[in-house]
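S.K.: based on what follows, work out the 3D shape:
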Amino acid sequence: MLRRRALAACTATVAVGALGLAGLTGTASADPSPRLSPAAADQLSPGLLKAMQRDLGLTADQATERIGNESRAAAVAAGLRRSLGTGFAGARVSGGAAELTVATTDATDTGRIAEAGARAVVVDHSLAELDSAKAALDRVALRKAPKDVPVWYVDVRTNRVVVQAGRVAAADAFLASAGVARDLVTVTQSAEQPRTFADLRGGDAYYMNGSGRCSIGFPVKRGTQSGFVSAGHCGTPGVSTSGYNQQAQGSFQGSTFPGRDYSWVATNTGWTPRPLVNGYGNGDVTVTGSTEALEGSSVCRSGSTTGWHCGTVQQRNTSVTYQEGTVSGVTRTNVCAEPGDSGGSFISGSQAQGVTSGGSGNCSQGGTTYFQPVNPALQAYGLTLVTSGTPTDPPDPTDPPTNPGGSWAAGTSYAAGDVVTYGSASYRCLQGHQAQPGWTPPNVPALWQAL
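M.R.: As a prediction, this is how the structure comes out:
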């Protein structure tokens, strides 16, 4: 009998969303010690909290408090990013109290940042400027992966693009070929040799063409079609999959690797998508959304080889060169992983963060792991994340739509944070998706929040 649950081997990541906005008490700028509401705290996985205690040296109460603090900080940072505009230079949290630091290029913004309860830092380069420099490096790497340059990323803490290289000369040649100014960049020497985690051997996962094994990321929907997202290097379109029990499951519908590292698999009716991440004997984790956690936030990974492991988000917008080519836009963490964990979920609290891509090291000695953020994968394939707020039987996309007026329109692709009107009400998009007829904002609270 097929196991009707979120299919094996994943980890997730939490940020602000249903949990972060509705589960916290106080105001975004005035409450110095935010707390999760009892209902929100009860939703946290015992397994996730246990792994945070083990890997981050916390008590259960400290782990719960840290998730609440980080979620609150993410909400404040999102508001400041919008209000600061082109001067915004990044945000990060530090410590268990999730002390929020927001950088700006405009000294006149410091008062506004302080009023929101954050520490202000004035820097030379905006986040947009650093992202643009990194994008130039990415374009060069997509044509030909650089030799002896395994990793590069935007580091908001130092306000620089960091390039890790085996040889300084290789980094200099890489920068020159991309036309990136040296004063934007810090070059560090590194012997890191990242690899993907697709060379799988046993465990609770899914199998490709009956041989290789990867871990499921998160269950998704595309209209009425069920499936899941995973890593792109796990399979190409048309490759069939079987479940943990080797029974027929589905096939890859889309896959991108290298460049990015995401894919999605459409499953047959024998598999029911659930908003869960495998808790490995400690209780499954319920997924409530996919808001990004800030740099410095705690994050946990669940994989079919090594189970639960936790650490922190180090840098977003990282590029990493594997043997197969360069992947951009991944997030760098100090969470360990091993072959067999590829595609598995990264989660922070109850918020899905991404799917395991690759890294270096192992869970005996520690290492670095990169995850592909989940929201770009959802947007690329027009998918909807299955969460605790997803209707068991969503409105049929073929139902005749009503037309009460407003800006919402079926067929339009919406990103998280977009605001639309429907009738006389306004709604904010909670997760990226392509609107379906019948999936109107008041009918699908997993996708839209009434304002």
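
S.K.: tell me the confidence at Gln62?
M.R.: Per-residue confidence (pLDDT) for Gln62: 93.

S.K.: what's the answer for the one 5 residues further on, then?
M.R.: pLDDT for Ile67: 91.

S.K.: which residue is the nearest non-sequential neighbour of it?
M.R.: Nearest in space to Ile67, with sequence neighbours left out and distances taken as C-beta to C-beta, 6 or more residues apart in numbering, is Gly349 at 4.3 Å. Using the backbone N, CA and C atoms, a C-beta is placed for each residue, glycine as well.

S.K.: please apply the same query to Gly343.
M.R.: Counting by C-beta to C-beta, 6+ apart, Ser230 is the residue found nearest to Gly343 once chain neighbours are left out, at 3.5 Å.

S.K.: Val265 is in contact with the one you found, correct?
M.R.: Yes. Ser230 lies in contact with Val265 (C-beta atoms under 8 Å); the separation is 6.5 Å.

S.K.: what about Ser413, how many residues close to it?
M.R.: Applying other C-beta atoms under 10 Å, we find 11 residues neighbouring Ser413.

S.K.: let me fix that: Leu130
M.R.: Leu130 has 23 nearby residues by other C-beta under 10 Å.

S.K.: got a list of what it touches?
M.R.: Leu130 sits next to 89-90, 154, 159-161, 184 when contact means C-beta atoms under 8 Å, 6 or more residues apart in numbering.

S.K.: so what's Leu294 up against?
M.R.: 15, 70, 73-74, 77, 91-93, 98, 100, 313.

S.K.: helices - which of these land there?
M.R.: 70, 73-74, 77 (DSSP state H).

S.K.: which two among those residues are spaced furthest apart?
M.R.: Maximum pairwise distance among the ones in helices among the contacts of Leu294 (C-beta to C-beta): 10.3 Å, between Glu70 and Ala77.

S.K.: so which elements touch the longest strand seen in the chain?
M.R.: In the chain, with assignment by DSSP state E, the single longest strand is strand 307-322. Contacts defined by 3 or more C-beta pairs under 8 Å, 6 or more residues apart in numbering; DSSP states H and E place strand 307-322 against helix 46-56, helix 127-143, strand 151-155, strand 298-303, strand 325-333, strand 351-362, strand 366-373.

S.K.: centroid-nearest residue for the chain?
M.R.: Closest to where the C-alpha atoms of the chain average out (C-alpha atoms, centre = their mean) is Gln353, at 2.5 Å.

S.K.: quick one, phi psi at Lys174?
M.R.: Just to correct that, residue 174 is Phe rather than Lys. Phi and psi for Phe174, reported as degrees, to the nearest 10, are phi -60, psi -50.

S.K.: what's the closest non-adjacent residue to it?
M.R.: Pro146 (4.7 Å).

S.K.: Ala171 now?
M.R.: Counting by C-beta to C-beta, 6+ apart, the residue nearest Ala171 is Ala165, at 3.8 Å.

S.K.: could you pull out the helices for this structure?
M.R.: 18-22, 38-42, 46-56, 60-84, 110-115, 127-143, 168-178, 374-381.

S.K.: who's in contact with the fifth one?
M.R.: Residues from elsewhere that reach helix 110-115 (C-beta under 8 Å, 6+ apart): 29, 80, 83-84, 102, 104, 119-120, 122.

S.K.: what are the buried residues along it?
M.R.: For helix 110-115, a neighbour-count test (16 or more other C-beta atoms under 10 Å) marks 110, 112-113 as buried.

S.K.: show the low-confidence segments of the chain, by residue range.
M.R.: 1-40, 42, 196-204, 210, 245, 279-283, 390-403, 411, 431-438, 444-446 (pLDDT under 70).

S.K.: burial count for the residue nearest to Gly343?
M.R.: Residues lying near Ser230 (other C-beta under 10 Å) number 34.

S.K.: can you pull up the bridge partners for it?
M.R.: Ser263 (DSSP bridges).

S.K.: about what we covered before: ok, so of the contacts of Leu130, who is nearest Gly235?
M.R.: Val154 (30.0 Å).

S.K.: now do that closest one against Ala135, distance only.
M.R.: Val154 sits 10 Å away from Ala135, taking C-beta to C-beta, to the nearest Å as the criterion.

S.K.: do the same with Thr369
M.R.: Taken as C-beta to C-beta, the span from Thr369 to Ala135 is 23 Å.

S.K.: of those two, who's got more company?
M.R.: Using other C-beta under 10 Å, the more surrounded residue of Thr369 and Ala135 is Thr369, with 30 against 16.

S.K.: what sits against that one?
M.R.: Counting by C-beta under 8 Å, 6+ apart, Thr369 touches 301, 333-337, 341, 356-359.

S.K.: output the residues you listed as TSV; include the columns neighbour count and distance to Ala410.
M.R.: Shown next, in TSV, are the contacts of Thr369 (neighbours: other C-beta atoms under 10 Å; distance: C-beta to C-beta, whole Å):
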residue	neighbour count	distance to Ala410
Arg301	32	36
Thr333	29	37
Asn334	18	43
Val335	33	39
Cys336	24	44
Ala337	31	40
Asp341	36	38
Thr356	35	34
Ser357	31	33
Gly358	27	38
Gly359	29	40
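
S.K.: so who does Gly329 touch?
M.R.: 260, 317-319, 372-373, 376.

S.K.: what about the strands in the stretch 151-300 of the chain?
M.R.: Assigned by DSSP state E, counting those that start in this stretch, the stretch 151-300 of the chain shows strands spanning 151-155, 160-165, 185-189, 195-196, 206-208, 212-214, 218-222, 225-230, 240-242, 248-256, 262-267, 276-277, 285-286, 298-303.

S.K.: okay, those, which one's buried deepest?
M.R.: strand 298-303 (a mean of 32; mean count of other C-beta atoms under 10 Å).

S.K.: packing partners for that strand?
M.R.: When contacts are defined as 3+ C-beta pairs under 8 Å, 6+ apart, strand 298-303 packs onto helix 46-56, helix 60-84, strand 307-322, strand 345-348, strand 351-362.

S.K.: at 10 Å instead, please
M.R.: When contacts are defined as 3 or more C-beta pairs under 10 Å, 6 or more residues apart in numbering; DSSP states H and E, strand 298-303 packs onto helix 46-56, helix 60-84, strand 276-277, strand 307-322, strand 325-333, strand 345-348, strand 351-362, strand 366-373.

S.K.: show me how far that strand is from its chain's centre.
M.R.: Centre-to-centre, strand 298-303 and its host chain are 11 Å apart (C-alpha atoms, centre = their mean, to the nearest Å).
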